[in-house]
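In: Have a look at this prediction, sequence included:
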Amino acid sequence: MQDDDSIFEGFRDFFDSGTWIVFRNLALFFALIFWLAVAYWVFKDARRRIDDPWLVGMATVLGLVPPFVGAIIYMLFRPPEYLDDVRERELEIKAIEERLAETDLHCPVCRAAVRENFLVCPVCTTKLKQACEACKQPLEPLWQICPYCEARVATPAPIEFAPTSSARGRRSRRRSE
């Protein structure tokens, strides 16, 4: 029985010693620092993910009040994306929508970009549209009256497109054979 008392007496002596008090105080200090660091992380992360300042404050309080558990709860319910990523995605979607809204017109011969009011392709000089005889505005093929000056459109001659370069090459090869 005396051996058991000596074992417990050794534990009692250790917990009464100055070493244990220093170790305990250091452990409590580091736990407090880690708790405050976790709360600060919750605050910084919430500011990057949540737009409303009140919700950022509530998330920070949640990260503080139940020590260490609040941060886990916050991580389960926080928004999945950063605000910067959401804004960037919205800008990309807007840019794509604007690009899709633009009508991409191309010359049927050389595929160069042309505008809606071009009469002739500026690259290969292919005639794209007929001009109104009165006001010289470009006319669509199906129009029977000019919407700009109300002049009657003469029966348009069909617009003939110049053959493509690959077709020209085939023709010149056939002639030479």
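Out: Okay, I see it. Quantities reported herein were computed from a predicted structural model and do not represent experimental measurements.

In: Secondary structure of E9: a strand, I assume?
Out: No: assignment of E9 by DSSP: H, G, I helix; E, B strand; the rest coil gives helix, placing it outside any strand.

In: give me every residue that touches it.
Out: By CB atoms under 8 Å, 6 or more residues apart in numbering, the contact list for E9 is empty. For every residue, glycine as well, the C-beta is placed using N, CA and C.

In: Distance of it relative to P53?
Out: For E9, the distance to P53 equals 58 Å [CB to CB, to the nearest Å].

In: just N117 next, same as before
Out: From N117 to P53 the distance is 51 Å (CB to CB).

In: all helices for this protein, in order.
Out: In the chain, the segments counted as helices under DSSP state H are 2-16, 18-49, 53-64, 69-77, 83-101, 165-176.

In: Nearest the geometric middle of this protein, what residue?
Out: R89 (2.3 Å; CA atoms, centre = their mean).

In: Would you enumerate the residues in contact with that residue?
Out: Residues near R89 by CB under 8 Å, 6+ apart: none.

In: okay but K127 is in contact with F118, surely?
Out: No: applying CB atoms under 8 Å, one finds K127 not in contact with F118, separated by 9.9 Å.

In: contacting residues around L128?
Out: If a contact means CB under 8 Å, 6+ apart, then L128 has 107, 114, 118-121, 138, 159 as its contacts.

In: okay, now the domains of the chain?
Out: 2-85, 106-177 (automatic domain parsing).

In: For L100, which of these is the nearest?
Out: Closest to L100 of these is domain 106-177 (CB to CB; 15.7 Å).

In: where does the chain have its least confident helix or strand?
Out: Using mean pLDDT, DSSP states H and E, the weakest-scoring helix or strand in the chain turns out to be helix 165-176, at a mean of 48.

In: Sort out for me which of the contacts of L128 are in strands.
Out: The strands, defined by DSSP state E, take in P138 from these.

In: From the contacts of L128, list the buried ones, please.
Out: Neighbour counting by 16 or more other CB atoms under 10 Å classes 107, 114, 118, 121, 138 among these as buried.

In: In JSON lines, list these along with distance to V38.
Out: Shown next, in JSON lines, are these (distance: CB to CB, whole Å):
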{"residue": "C107", "distance to V38": "63"}
{"residue": "V114", "distance to V38": "61"}
{"residue": "F118", "distance to V38": "64"}
{"residue": "C121", "distance to V38": "66"}
{"residue": "P138", "distance to V38": "68"}
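
In: Can you give me the separation between C132 and L105?
Out: C132 is 19 Å from L105, by CB to CB.

In: Please consider this matter closed, and thank you.
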